[in-house]
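[1] I need the structure of the sequence given here:
(one chain, ligands or ions: 2)
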Amino acid sequence: MSAAMKLVVVGAGGRMGQTVLRLIQETEGAVLHAAVERPGSPAIGKDAGELAGLGSIGVPVSDDPLAAFVHADGVIDFTSPAASVEYAGLAAQARIVHVVGTTGCTAEDDAKIAAAARHARIVKSGNMSLGVNLLSVLVKQAAQALDAAGWDIEVLEMHHKRKVDAPSGTALLLGRAAAEGRGIDLATHSVRVRDGHTGPREDGSIGFATLRGGSVIGEHSVLFAGEGETITLSHSAGDRSLFARGALRAALWARDKKPGLYSMLDVLGLSSSI
Ligand SMILES: NC(=O)C1=CN([C@@H]2O[C@H](COP(=O)(O)OP(=O)(O)OC[C@H]3O[C@@H](n4cnc5c(N)ncnc54)[C@H](OP(=O)(O)O)[C@@H]3O)[C@@H](O)[C@H]2O)C=CC1
Ligand SMILES: O=C(O)C1=N[C@H](C(=O)O)C[C@H](O)C1
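    Ligands and ions are numbered 1, 2, ... in the order given. Okay, the predicted model is just below:
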């Protein structure tokens, strides 16, 4: 049996970072190696267990990712696009696994992360849950089956008021699945904002609507609106631990894989269904 996978949690003080810290303690085959926050964070020097409400576990939060990565097997990263790009480069140097849950990355960020995947095993997804990834398979199938002239696709999401990017990574993932089902490019067919005299809806476009408020963890619906009937495919997240569980599953899965850029569909064995 192989030794437990030594994991670094970056963004350890964040909502997801703390959730991952808690989940690692109950995950067989994984052990917390280090916890990292941005330089200047008030979390630096605090015990990671205390930060996550677990009591002391003897791992102080550090601002030195290089030192943290050097003897680690993997990194779990729910931070910011700039931080994730930096961590992908460091994971490549250290030849380790990098699980990226961060959303809001630009095409340029994604290209840098893809370049780092020449040496690191990177799993990146806008949503680490089994439910959303299965939903994306269903969305692709529905989009394939329903004619663009008769069925309009709209992606609706709601999140807590502290979320900083829109549309959510999940909404974009679901939009991409719909676009793949239709055999079109999402970038040239998406309508991300509507305001004022918009004119009628263009056939074949994929619309996005974003709601923010309160403590909502993550609500996503893909609506297929036809003449006189609407089909709605939805996912509701009740707890952040479902994302953390998916991220840990991804790290353990990637451990014996070749360097490359993988998705949660690969991890969950759903990539052939999409
Ligand atoms: N793929 C998925 O399944 C999910 C993805 N997400 C995504 O994960 C990201 C984080 O979400 P959430 O936890 O809610 O956000 P938070 O703001 O609560 O957490 C982010 C943490 O990262 C820290 N951070 C920022 N820069 C660095 C750095 N350079 N090094 C180390 N830590 C850093 C922040 O510190 P500070 O606050 O001090 O700046 C903060 O503690 C978002 O992009 C979100 O959309 C969230 C849930 C699920
Ligand atoms: O910021 C969040 O909270 C979440 N972000 C991800 C996203 O952008 O889709 C995943 C999840 O919905 C929670």
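
[2] Only C-alpha atoms from now on, for both contacts and neighbour counts.
    Fine.

[3] does G49 really touch A35, like I thought?
    No - using Cα atoms under 8 Å, G49 is not in contact with A35, being 9.6 Å away.

[4] Get me the contact residues on the chain for ligand 2.
    T103, G126, N127, K163, S168, G169, T170, I217, G218 (Cα under 6 Å from any ligand atom).

[5] Pull out the buried residues from the residues you listed.
    Buried members of those, counted by 16 or more other Cα atoms under 10 Å: T103, G126, N127, S168, G169, T170, I217, G218.

[6] Can you name the residues that contact the last one?
    Meaning G218. E157, M158, H159, H160, S236, A237, G238 (Cα atoms under 8 Å, 6 or more residues apart in numbering).

[7] One more pass at 6 Å, please.
    Neighbour list for G218: M158, H159, A237 [criterion: Cα atoms under 6 Å, 6 or more residues apart in numbering].

[8] Which residue comes closest to the last one once chain neighbours are left out?
    So that's A237. Take A237 and drop its neighbours on the chain: the residue closest to it by Cα to Cα, 6 or more residues apart in numbering is G218, 5.2 Å away.

[9] Where do the helices of this protein begin and end?
    Listed in chain order, the helices of the chain (DSSP state H) span 15-25, 48-51, 65-70, 81-94, 107-116, 130-145, 169-182, 186-189, 241-254, 264-267.

[10] wait, does the third one make contact with ligand 1?
    This points to helix 65-70. No - taking Cα under 6 Å from any ligand atom as the criterion, helix 65-70 and ligand 1 are apart, separated by no less than 7.9 Å.

[11] buried sites along that helix?
    P65, A68, F69.

[12] so what's the residue nearest to V10 when sequence neighbours are not counted up against?
    Nearest residue to V10, sequence neighbours excluded (Cα to Cα, 6+ apart): V36, at 4.6 Å. For V36, the contact set (Cα under 6 Å, 6+ apart) comprises V10, A12, V61, S62, D63.

[13] So the last one is in contact with E37, correct?
    Right, the one you point to is D63. Yes - with contacts counted by Cα atoms under 6 Å, D63 reaches E37, the gap being 5.4 Å.

[14] so what sits against both of these two?
    Contacts common to D63 and E37, judged by Cα under 6 Å, 6+ apart, are absent.

[15] Could you pick out the residues of the stretch 151-274 of the chain near ligand 1 for me?
    F243.

[16] Tell me where the model's unsure across the stretch 151-274 of the chain.
    274 (pLDDT under 70).

[17] Next, the buried residues of stretch 121-132.
    For stretch 121-132, using 16+ other Cα under 10 Å, the buried residues are R121, I122, V123, K124, S125, G126, N127, M128, S129, L130, V132.

[18] Now tabulate those residues in CSV and tack on pLDDT and distance to S272.
    CSV is the format used below for the buried residues of stretch 121-132 (pLDDT from 0 to 100; distance: Cα to Cα, whole Å):
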residue, pLDDT, distance to S272
R121, 98, 20
I122, 98, 19
V123, 98, 17
K124, 98, 17
S125, 98, 17
G126, 98, 19
N127, 98, 18
M128, 98, 18
S129, 98, 18
L130, 97, 15
V132, 98, 16
